[in-house]
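Colleague: Here's a sequence, model it:
(2 chains)
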Amino acid sequence: MAILSREEAKKIIDKVLSYAKADETAVSLGGSKTGNIRYARNTVSTSGESTNLALAVTSVFGKRSGTATINEFDDESLEKTVRRAEEIARLAPENPEYVPMLGPQQYTEVKETYADATAAINPEYRAKAALDSIEICKKKNLTSAGYLEDTTGFNAMGNSKGLFAYNRSTSVDFSVTVRTEDGLGSGYAIQDYNDARKLNAAASTEVAAQKALASKGALALEPGKYTVILEPVAAADLIQNMMRSLDARNADEGRSFLSKKGGGTRLGEKLFDERVTIYSDPTNPEIPQSGFVMDGRPREKTTWIEKGVVKNMAYSRFWAQKQGVKALPPPFGFIMEGGNESLADLIKGTKKGILVTRFWYIRAVDPQTLLYTGLTRDGTFYIENGKIKHPIKNFRFNESPVIMLNNVEAMGKPVRVNGSLIPPLKIRDFTFSSLSDAV
Amino acid sequence: MKRRDFIQLSGLGIGGMMMIPVLGHATTPESFLDSGMDVAVKKRLADAALNAAKSKGATYTDVRIGRYLNQYVITRENKVQNIVNTESYGVGVRVIADGCWGFAAIVDAKTERDTAKAAEEAVAIAKANARLMKSPVILAPQNGYGEVSWKAPIKRNAFEVPIQEKVDLLLGVNDAAMKNGANYVNSILFMVNEQKYFASSDGSYIDQDIHRMWPIFAVTCIDPKTGKFETRQSLSAPMGMGYDYLQVNPADKVTGITTRYNMGYDMLEDVTAAAQQAKEKLTAKSVEAGKYDLVLDPSHLWLTIHESVGHPLELDRVLGYEANFAGTSFATLDKLKSGNFNYGSPQVTLFADKTREGSLGAVGWDDEGVKTKRWDLVKDGTLVNYQAIRDQVHILGEKESHGCCYADSWSSVQFQRMPNVSLAPGKAPLSVKEMIKDVKKGIYIIGDGSFSIDQQRYNFQFGGQLFYEIKDGEITGMLKDVAYQSNTQEFWNSCVQVCDEKDFRLGGSFFDGKGQPSQSSAVSHGSSTARFNGVNVINTARKI
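Modeller: Purely as a prediction, here's the structure:
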């Protein structure tokens, strides 16, 4: 009963709205079934499954709003929840930034967010994925630790102005860390999909195992500026951090990397290499997304950076209204355009450089320049004359994605990482500031 | 990880975004005044689960009946942005059957049938998982305590304070910031109450009432001419206290280059200083990279302790159970067994506890019915122990759990979580002033900032809120763009002095994450001001 159809969801939402007495009322209804399995030291440590179905009512009087939630769906409980939301709203302080609710909207229907194969995942599937992964590692005398989580869910919303939206979705995330028995080698691989048919936990484990073996016997290189090839997983972390910093209000207020000296923003300025283009598109079949965001705004194809120029910033509805512009919601997943080359091609074309599997513990150091620090992890290698020469010890970096995306040498074919499409990147003058003994 | 709801807050920290976990369902502040279920009813519900599990073949069972209250008041400048009131109630049952753990939880469980059903499900899961298990669970023995209770010694329950008083406080704080030159200010009160009942087949029935409170703000100052901006965050600590933490008491103030706070926090005074200091930062000298002697205030040092001592000495990490997420640890078992691993200099004693009054870790019994205590992790510089729970201590050859097991909700499985981990104060009398007097080329750091450490806890980098240059024993002015990098063992071996117990204060983490699916926990770290010689400082200024 956790996953309701559009009709079932609409029926409940309409019923709740029929009880409403506030100036404005919005109802959101969501349900999910999620399961996971976790293993470490070549044995399963925990596994579980849970379902959830909950409804939230937001009532508004003037600029005062209140929210109440419930997970029982009989008429009496629903009506009581509406009354409770109204009571909370009456007692709430006025929100001067309140913007009235949206009326009916046109949404793109994105069916690809849901896949039957993912919805069908059961404890046996999860146990098999874990045991297969463990078996591969045992045979090679390696130690695996991994995690698989799958979710099937739906989200629906409606309000007293006639807006209604519904989407169902599935997701499956798998990650595995493989270590050598002596603790001197470590490898990692991760996959995420809407459709579980694309997931291959065994193939990921093979990649991680290969990296674990290859990363043994790492040599130390002096910290400094190096040409790096960032695998998509490594590149994604830094670029995602930048994409989360596109808020227009912070930029207008003068506290963002997009703020301009003397006031105003850097919208329309070329901040990156001209090969850098980043956009979001809910209909992209590789990273499909719901056609609406949770405040009811449609999610549309939006170009954020085009040929190195900042094209758009993200707005709250309040700030957009105040500035008199279109209220573009922030990007969730995004697509960074790349080239056609594979990771292997990028390595082949590199005279001297460092291959980075992933970064770890990335934290902001300076929001003014988007300077981040973090470390390489689970497989870092030295490249010479187009070949991986030997593993190297991990580095700490201090680098800004803004500087990094000005130093682009080459880009490969984008792949899905954490809900976005990211190419492997070859970057010159990437700043490593110290060595780490961690494996 | 879509398991939890989060609220996103921007403008607060240097990260630009803060993700705050939200547990349970929205409720009214009035419902917080409801005293909750009677303890006799809880015992009946627990007994139903204990009996059901036993009859299905469980060899051990524990039941946690939890009611969790959260209130967050969120403001910026002259506006209340959000007031979050949530309540979460349910029952979690954990069993050992066929030598394997099993767990099941049930929301809003009100009857003995509900809890018995959860217990039966937990046994079924344990039996199913037993076929995937390599070796059976070895549980350290634990005596039952009968019917007992523990209550945080709070003086004013934050949930009984009217919302208006909290809103007035924060809007007053914001007003003071703006009047003192801030361009923007965000402020928040986080308040948590865990009402936990624990019962086990060992014969314990433990009723506990835990309170936590964290008032924070971030002030931003902008220089429109240069386009530069600087922030200064609050020097408060999250505490295991009630609203009494906000009671201004002169005895809780530590005066010096800027005022810091002990068991009582003057938010208005701190935000006034913060606005002036954020402005001062705009024109402060950019640090010259190099080696410096660092004098680290407890409001800063807590985070370095947390990352470089607290996490690497978690036994599950050491053993590899967290390898796929948080990582493993450099502090391997052979280092402990050697009996002579120099974690730090002889000045360094680091101890764990879950007993200190007012700390976030303080509780009478942990989440598997073990009475809490204090124990040493590093003694006079040598590694002497880890943090371990009932199914782990046999690995250390010990027979008694350390009592640091925790679950962040009735619906989460309890596991090993960090107790308070603190640096013991120096034995000889020493004030901060006397410490600084001896420093030739140094930096005095106050408040926590950016932090990052590798997956085995060797290499780290920390920032801060306020940096003061020390030259020939004198503070000569403010610095900016400061971060220091070191290696855990090298850093703690460079510790040459720790101030005496008069300077001992707590800092801490309100939302410390661990595990997959991730669980949040709150933990304190105490220290006196300490000096570390010859630490590598980098300059973090860049041009884009």
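Colleague: per-residue pLDDT, the closest residue to residue B:374 other than its chain neighbours?
Modeller: For residue B:374, ignoring the flanking residues on the chain, the nearest one in space by C-beta to C-beta, 6 or more residues apart in numbering or on different chains is residue B:353 at 3.7 Å. No exception for glycine: its C-beta is placed from N, CA and C like everyone else's. The predicted local distance difference test score for residue B:353 is 98.
Colleague: Likewise for residue B:19?
Modeller: pLDDT, the model's per-residue confidence, is 59 for residue B:19.
Colleague: out of everything not next to it in sequence, what's closest to the residue in the stretch 201-350 of chain B positioned nearest to chain A?
Modeller: Per C-beta to the nearest C-beta, the residue of the stretch 201-350 of chain B with the smallest distance to chain A is residue B:227, at 3.3 Å. In this structure, residue B:227 finds its nearest non-sequential neighbour in residue A:261, 3.3 Å apart by C-beta to C-beta, 6+ apart.
Colleague: next one: residue A:169
Modeller: Spatially, and ignoring its direct neighbours in sequence, residue A:169 is nearest to residue A:113 (3.9 Å; C-beta to C-beta, 6+ apart).
Colleague: and what of residue A:275?
Modeller: Using C-beta to C-beta, 6+ apart and skipping the chain neighbours, the partner closest in space to residue A:275 is residue A:408 (5.8 Å).
Colleague: Flag the shaky bits of the chain, pLDDT-wise.
Modeller: Picked chain A for this. Low-confidence regions of chain A, defined here as pLDDT under 70, cover residues A:1.
Colleague: wait, chain B
Modeller: When the per-residue scores of chain B are filtered using pLDDT under 70, the ranges that remain are B:1-23.
Colleague: rerun at 50
Modeller: Low-confidence segments of chain B (pLDDT under 50): B:1-4, B:13-16.
Colleague: which non-adjacent residue is nearest the residue of it most remote from its centre?
Modeller: Relative to the average C-alpha location in chain B, and by C-alpha atoms, centre = their mean, no residue lies farther out than residue B:225, which sits at 39.7 Å. In this structure, residue B:225 finds its nearest non-sequential neighbour in residue A:262, 7.0 Å apart by C-beta to C-beta, 6+ apart.
Colleague: any idea how far residue B:530 is from residue B:414?
Modeller: Counting by C-beta to C-beta, to the nearest Å, the separation of residue B:414 from residue B:530 is 33 Å.
Colleague: Likewise for residue B:242?
Modeller: When C-beta to C-beta is applied, the distance between residue B:242 and residue B:530 equals 30 Å.
Colleague: Do any residues in the helix or strand residue A:130 falls within lie close to chain B?
Modeller: Under the assignment given by DSSP states H and E, the secondary-structure element containing residue A:130 is helix A:123-139. Yes. If you take C-beta under 8 Å from any C-beta of the partner chain as the test, helix A:123-139 does meet chain B, through A:123, A:127, A:130-131.
Colleague: Which of those are buried, as a PyMOL select command?
Modeller: Typed into PyMOL, the line below selects the buried ones among these, using 16 or more other C-beta atoms under 10 Å in any protein chain shown:
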select buried, chain A and resi 127+130+131
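Colleague: ok, residue A:364 touching residue B:451?
Modeller: No. Applying C-beta atoms under 8 Å, one finds residue A:364 not in contact with residue B:451, separated by 10.3 Å.
Colleague: Show me which residues of the stretch 151-300 of chain B are close to chain A?
Modeller: Neighbours of chain A within the stretch 151-300 of chain B, by C-beta under 8 Å from any C-beta: B:163, B:167, B:183-184, B:220, B:222, B:224-229, B:231.
Colleague: 10 Å instead?
Modeller: With C-beta under 10 Å from any C-beta of the partner chain as the criterion, the stretch 151-300 of chain B comes near chain A at residues B:163-164, B:167, B:171, B:183-184, B:220-231, B:289.
Colleague: Only alpha carbons, please: show stretch B:435-448 as PDB.
Modeller: What follows is the C-alpha trace of stretch B:435-448 in PDB, where atoms were taken according to Å, rounded to 0.1, in the frame of the first residue of the first chain:
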ATOM      1  CA  MET B 435      51.300  29.800  27.700                       C
ATOM      2  CA  ILE B 436      51.300  32.600  25.100                       C
ATOM      3  CA  LYS B 437      54.100  34.400  26.900                       C
ATOM      4  CA  ASP B 438      56.500  31.700  25.900                       C
ATOM      5  CA  VAL B 439      55.600  31.500  22.200                       C
ATOM      6  CA  LYS B 440      58.000  33.200  19.800                       C
ATOM      7  CA  LYS B 441      56.300  32.700  16.400                       C
ATOM      8  CA  GLY B 442      52.800  31.400  16.700                       C
ATOM      9  CA  ILE B 443      49.100  31.600  16.000                       C
ATOM     10  CA  TYR B 444      46.300  31.500  18.500                       C
ATOM     11  CA  ILE B 445      43.200  29.900  17.000                       C
ATOM     12  CA  ILE B 446      39.700  30.200  18.500                       C
ATOM     13  CA  GLY B 447      36.500  28.500  17.100                       C
ATOM     14  CA  ASP B 448      36.100  25.600  14.700                       C
END
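Colleague: Now that stretch: buried residues?
Modeller: B:435-436, B:438-439, B:442-448.
Colleague: Quick check: helices, which of those residues are part of them?
Modeller: Residues from the buried residues of stretch B:435-448 lying in helices, with DSSP state H as the criterion: B:435-436.
Colleague: Which ones among the buried residues of stretch B:435-448 map onto strands?
Modeller: Judged by DSSP state E, the buried residues of stretch B:435-448 include B:442-446 as members of strands.
Colleague: Show me what the helix or strand where residue B:70 lies pairs with in its sheet, parallel or antiparallel.
Modeller: Residue B:70 is located in strand B:60-76, with elements delineated by DSSP H and E. When pairs are called by DSSP bridges, strand B:60-76 turns out to pair with strand B:79-97 (antiparallel), strand B:184-200 (antiparallel).
Colleague: how near is the residue of the stretch 101-250 of chain A found nearest chain B to residue A:133?
Modeller: When distances are taken as C-beta to the nearest C-beta, the stretch 101-250 of chain A approaches chain B most closely through residue A:145, which lies 3.8 Å from it. Residue A:145 is 10 Å from residue A:133, where distance means C-beta to C-beta.
Colleague: three-state assignment of the residue of the stretch 151-300 of chain A found nearest chain B?
Modeller: Closest approach of the stretch 151-300 of chain A to chain B (C-beta to the nearest C-beta) occurs at residue A:261, with a separation of 3.3 Å. Three-state assignment for residue A:261 (DSSP: H, G, I helix; E, B strand; the rest coil): coil.
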